[in-house]
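Colleague: let's see this in three dimensions:
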Amino acid sequence: MRKLVAIAAAGAAASLMAGGAFAQSGSVGQAVGGYSFEDAAKEAPGTKNFHSNDGVLTFAIVTHTAGNGFFDPVYAGALTAANMIGAKVLLLGSESPVDDPARAIEITNQILQDPNLDGLIMTTPQVGAYDDIVKTAEELGIPIATTNSYDPNILHRNSISHTGQDASAAAIAGEALVQCLLDKGVEGGSIVLPNSTAMGNIEVNNRVSSAYAAIVAGLQAAGKLDAFTVDAGPEGVGVDADPNDPVNAIVNLFESRGDVVGAFAGNNVFTPALAQAVAQTGMTGKICAYGFDLGPAQQEALKAGNLTGALGQQPFLQGFWPVMQLYLQIDRGISAANLDTRAQLVTQDNVADVGKRFEN
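Modeller: Reported below is the predicted structural model:
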């Protein structure tokens, strides 16, 4: 019996050895073209001296609002990527806590004059305002990548990579809002989508439009559209509200309607304001309130129940990938590759998982 066991064990060992040898036989040592992958994985000799010829790649990232915390993980992502490839990254942006495209453009024009600059990353919330910047960068030989907000008509759009969340992702919040109403057994009332087109952020306008369309479609599918008034303004991009006093603007909106049961806000200006308005009007837990972004104010509002849900757009990627894209463009000649960072719906149930490793 012992002899049979020993034979079986020896056979099993031989089988394992043969299996291991067989697995190893499939390894690939070099490309079909003859070069080794080890050599191919090395950085090109001239990469560090691209453009500025100073032995180090220097990128700049410019955002349209560095004053409210949303872009903090974007900057962290950019710096992480720069550290991985041995590059420098200048973290720049409008000091304002609200969208300030004009200041961002001013900063961008200034940094383009820096002789050490090798690549530019910028947000583009104001459609049609960046063509001169693109022309100047091209004349200087500086590659561009855009991130976060998207200008579909920017000069040479198809040769410029973009990293960001497609505005259609806001439909996820619209669908969740309708489900919230159905779960609560709400039979009718007003649903409002406050916004300010004066800020000139086409991305936010498109978010509101997408959420609005999803709410209407969801209520219609449930056979309840006639019982609700869904108001996103005459053009479907939001009920006009003052971005300089957003809390009172939303409170006044609630009070003027008198029957608000749902609300959606499309950015970092109106979402914390929506939460504060919910708390001030005693509507916590009574209204289906959804917003955008997952900064500290939104997280606290979710924990307190003043927001039902908020959409994150994984902003760490919006800093990380543009740096990598510019590097690949310089080192590998890889054409512009877009990245959709998608949407992350966060509620009171999973908000505790947000914010780890500087990602919000």
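Colleague: tell me the domain ranges of the chain?
Modeller: Domain assignment for the chain by automatic domain parsing gives 47-165+315-342, 168-312.
Colleague: pipe the ones you listed into CSV and attach mean pLDDT and distance to residue 36 per row.
Modeller: From N, CA and C alone the C-beta is placed, and that goes for glycine too. Below are the domains of the chain laid out as CSV (pLDDT from 0 to 100; distance: least, Cβ to Cβ, whole Å):
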stretch, mean pLDDT, distance to residue 36
domain 47-165+315-342, 95, 17
domain 168-312, 96, 42
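Colleague: now those domains as CSV including mean neighbour count and distance to residue 32?
Modeller: Compiled in CSV, the domains of the chain are given as follows (neighbours: other Cβ atoms under 10 Å; distance: least, Cβ to Cβ, whole Å):
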stretch, mean neighbour count, distance to residue 32
domain 47-165+315-342, 20, 19
domain 168-312, 21, 40
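Colleague: turn those domains into TSV, columns for distance to residue 26.
Modeller: What follows is the domains of the chain, written out as TSV (distance: least, Cβ to Cβ, whole Å):
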stretch	distance to residue 26
domain 47-165+315-342	27
domain 168-312	40
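Colleague: quick one, which of those domains is nearest to residue 27?
Modeller: The closest of the domains of the chain to residue 27 is domain 47-165+315-342. By Cβ to Cβ, the value is 24.3 Å.
Colleague: end-to-end on that closest one?
Modeller: This stretch, domain 47-165+315-342, spans 32 Å end to end (Cα to Cα, to the nearest Å).
Colleague: ok, now stretch 327-337?
Modeller: Distance across stretch 327-337, first residue to last, is 12 Å (Cα to Cα).
Colleague: residues contacting that stretch, please?
Modeller: Stretch 327-337 has contacts (Cβ atoms under 8 Å, 6 or more residues apart in numbering) with 43-44, 47, 50, 57, 81, 85, 87, 118-119, 143, 145, 158-162, 325.
Colleague: for stretch 92-106, same thing?
Modeller: Outside of stretch 92-106, the residues within contact range by Cβ under 8 Å, 6+ apart are 60-68, 71, 107, 111, 122-123, 125-126, 129-130, 133, 199-201, 243-244, 267, 269.
Colleague: out of those, which are inside helices?
Modeller: Residues of the contacts of stretch 92-106 located in helices (DSSP state H): 107, 111, 133.
Colleague: the second one touches residue 117, doesn't it?
Modeller: Yes: counting by Cβ atoms under 8 Å, residue 117 is a contact partner of residue 111 at 6.2 Å.
Colleague: need the overlap of contacts for these two.
Modeller: Shared contacts of residue 111 and residue 117 (Cβ under 8 Å, 6+ apart): residue 60.
Colleague: got the phi/psi numbers for the residue lying closest to residue 125 once chain neighbours are set aside?
Modeller: Counting by Cβ to Cβ, 6 or more residues apart in numbering, residue 149 is the residue found nearest to residue 125 once chain neighbours are left out, at 3.8 Å. Main-chain torsions, residue 149, degrees, to the nearest 10: phi -80, psi 150.
Colleague: surely residue 149 touches residue 200?
Modeller: No: counting by Cβ under 8 Å, residue 149 stays clear of residue 200, with 10.3 Å between them.
Colleague: what is in contact with the two at once?
Modeller: Shared contacts of residue 149 and residue 200 (Cβ under 8 Å, 6+ apart): residue 125.
Colleague: centre-most residue in the protein?
Modeller: Centroid-nearest residue in the chain, with Cα atoms, centre = their mean: residue 313, separated by 3.5 Å.
Colleague: list the contacts of the closest residue to it other than its chain neighbours.
Modeller: The shortest distance from residue 313 to any non-neighbouring residue, by Cβ to Cβ, 6+ apart, is to residue 165 (3.8 Å). Residues in contact with residue 165, defined by Cβ under 8 Å, 6+ apart, are 313-314, 340-343.
Colleague: show the subsequent helix or strand relative to the host helix or strand of residue 252.
Modeller: For residue 252, the host element (DSSP states H and E) is helix 246-257. Following helix 246-257 in sequence order, the next helix or strand is strand 260-264 (DSSP H and E).
Colleague: which neighbours in the sheet does that following strand have, and how are they oriented?
Modeller: Under the criterion DSSP bridges, strand 260-264 sits next to strand 189-192 (parallel), strand 288-292 (parallel) in its sheet.
Colleague: let me know which of those is the nearest to residue 34.
Modeller: Nearest to residue 34 among the strands paired with strand 260-264 is strand 288-292 (51.4 Å), distances taken as Cβ to Cβ.
Colleague: next, the angle helix 246-257 makes with the closest one.
Modeller: Here strand 288-292 points in a direction 150 degrees away from that of helix 246-257 (axes from the mean of the first three to the mean of the last three Cα atoms, to 10 degrees).
Colleague: and the next helix or strand past strand 288-292?
Modeller: Downstream of strand 288-292, the next assigned helix or strand under DSSP H and E is helix 296-304.
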